[in-house]
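**Student:** Next input, structure requested:
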Amino acid sequence: MITRKFSHLFLLTVLTFTGVGGVTSTAFSQNASELLVGEMKNFVISSKKPEIRDFSFIDGDGKTHNLSDYRGKTLLVNFWATWCAPCRKEMPGIDRLQAEMGSDDFQVLAVGQDLQGIEKVKKFFKALKLQHLTPFNDKSVKSGRYAGVFGLPATLILDKNGREFGRLIGPAEWDEEEAKALIKHVMKISASGS
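**Tutor:** Here you go, the predicted structure:
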């Protein structure tokens, strides 16, 4: 005899994998909550999935980029500054994350909020031997304000449409397995259009 709990679980499994009944995104949200362990225990999933207001920043050559230039990719947008000790601690892991997962489908945007400008950011990258991240900076710090960031470091995961999946305020080891699992989850739901 099949118990009620088992039949409910079976039905949820079938609906999750077939997408029947439009419950796919709900099931994915429930799955994401299960991924909030270890380094990701303080990650907060956004209930509204807002689109982040477009902002600009410059690279090491002084070229201006906009957040919207990266639509179509899942993004890990990290706001940091050279004077921020926790930022300094987490940056090598973010560099390793970009080395391992950077692709046509995923990119890390580490956007400095350094009032002293891009030259300070470039020196910081050189001192820490960061080889896989592009040095970006927003001297105006509007980017952080537009994203609703009020402390550093702050890291947002955006889906390929520029909507915020969630954020973590404070440092984390972004190249740890639990962080990569969460990013892969967002990439999967981005690809499915959920």
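
**Student:** Helices along the protein, start to end?
**Tutor:** 4-18, 24-34, 85-101, 118-128, 142-146, 177-192 (DSSP state H).

**Student:** Give me the buried positions along the longest one.
**Tutor:** Residues of helix 85-101 classed as buried by neighbour count (16 or more other CB atoms under 10 Å): Cys87, Arg88, Glu90, Met91, Pro92, Gly93, Ile94, Asp95, Arg96, Leu97, Gln98, Met101. Every residue, glycine included, has its C-beta placed from N, CA and C.

**Student:** got the helices of the chain as TSV, with distance to Phe55 and mean pLDDT columns?
**Tutor:** What follows is the helices of the chain, written out as TSV (distance: least, CB to CB, whole Å; pLDDT from 0 to 100):
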stretch	distance to Phe55	mean pLDDT
helix 4-18	35	35
helix 24-34	26	59
helix 85-101	19	98
helix 118-128	16	98
helix 142-146	4	97
helix 177-192	20	94
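
**Student:** Looking at the buried residues of helix 85-101, spot the one nearest Tyr146.
**Tutor:** Tyr146 has its nearest neighbour among these in Cys87, at 19.0 Å by CB to CB.

**Student:** contacting residues for the spatially closest residue to the closest one that is not a sequence neighbour?
**Tutor:** Nearest non-adjacent residue to Cys87, counting by CB to CB, 6 or more residues apart in numbering: Trp80, 3.7 Å away. By CB atoms under 8 Å, 6 or more residues apart in numbering, Trp80 lies in contact with Cys87, Glu90, Met91, Ala110, Val111, Gly112, Gln113, Leu152, Pro153.
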